[in-house]
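**Student:** sequence? don't have it. structure:
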C-alpha cells in the first residue's frame with residue numbers, strides 16, 4: 001500500500017489528540033458491512049482492525065471505539081438516526097460507510113436511494129457532525145457482485161458521489177471501491193468477485209475486511 005497524507009488536513013484534530021495521548025471517541029456508522037456480517041471472528045472486522053491499529057500506534061491515547069452500524073440501512077435511514085445514534089454520543093471522529101443499500105433498485109422495487117439524494121444525505125451528515133466539532137472519514141463502498149439482480153449496478157457512481165460529498169464539506173475520504181477494483185485486476189474479474197465476497201452478493205469476507213482496513217490505514 002502506498003501511504004498518503006493527502007487526507008491529513010481533514011484529520012488534524014484527531015491526529016493531534018492521538019499524538020498527544022489524549023482521549024478520542026470514534027464512532028463507526030454504516031450498514032451490515034460495518035456491522036461485520038460474514039466475518040468469521042470479531043477481530044477480522046475492518047473497524048476492529050482499525051481500532052487495534054490506532055491503539056497500537058498511539059498507546060498513550062485513550063481511544064473509545066463505538067459501532068453504531070445498522071444492517072440494511074441506507075443513507076436515508078442514517079440521516080434520520082444521526083442525532084440519536086451519533087450526535088448525542090459526542091464523538092471526535094466518525095466513520096460514515098453507506099452506499100451498498102443505496103445502490104439497490106429504487107422504490108417501489110426495493111429500498112435504494114437516488115444518486116443525487118444519496119450525495120445530499122452524506123453531505124448533510126458530514127455537516128451536522130462537523131457542527132458539533134467532530135471530524136469525518138467517508139468511505140466509498142465496495143461494489144457488489146455484478147450478477148446480483150437487486151442492485152442498480154452503478155456503485156462506481158455512488159462511491160464517487162461519496163467522495164464528492166466528503167470533498168465539498170471538507171472531510172476525509174477513503175475509496176474502498178478503487179482498492180477493490182485494483183484487487184480484481186490482479187485476481188481476474190470473475191474469480192476475484194467470488195473470492196472477495198463472503199455471501200457472493202454484497203458482504204466482504206475476512207480478507208476483504210482487511211482491504212477495508214488497508215484503505216483506512218493508507219490515509220493515516
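**Tutor:** Arrived safely, thanks for sending. In this text the structure is predicted, and so the values were computed from the model without any measurement.
**Student:** Tell me the secondary structure at residue 28.
**Tutor:** Here residue 28 is strand, with the state taken from DSSP: H, G, I helix; E, B strand; the rest coil.
**Student:** ok, now how distant is it from residue 153?
**Tutor:** Distance, residue 28 to residue 153, using CB to CB, to the nearest Å: 27 Å. C-beta: built from backbone N, CA, C; applies to glycine.
**Student:** Neighbour count: those two, which is higher?
**Tutor:** residue 28 (27 against 14; other CB atoms under 10 Å).
**Student:** Identify the bridge partners of the more buried one.
**Tutor:** residue 67, residue 95 (DSSP bridges).
**Student:** these two touch, right, it and residue 47?
**Tutor:** Yes. Applying CB atoms under 8 Å as the test, residue 28 and residue 47 come out as touching, 4.6 Å apart.
**Student:** shared neighbours of the two, which are they?
**Tutor:** 34, 65, 67, 95 (CB atoms under 8 Å, 6 or more residues apart in numbering).
**Student:** any chance of those in TSV, plus neighbour count and distance to residue 162?
**Tutor:** Converted to TSV, the shared contacts of residue 28 and residue 47 look like this (neighbours: other CB atoms under 10 Å; distance: CB to CB, whole Å):
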residue	neighbour count	distance to residue 162
34	27	14
65	18	22
67	18	19
95	25	12
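**Student:** Relative to residue 145, which of these is nearest.
**Tutor:** Ranked by distance to residue 145 (CB to CB), the shared contacts of residue 28 and residue 47 are led by residue 34 at 18.9 Å.
**Student:** residues contacting that closest one?
**Tutor:** Neighbours of residue 34 in contact, by CB under 8 Å, 6+ apart: 28, 46-47, 67, 69, 95, 97.
**Student:** If we use 6 Å, what do you get?
**Tutor:** 28, 69, 97 (CB atoms under 6 Å, 6 or more residues apart in numbering).
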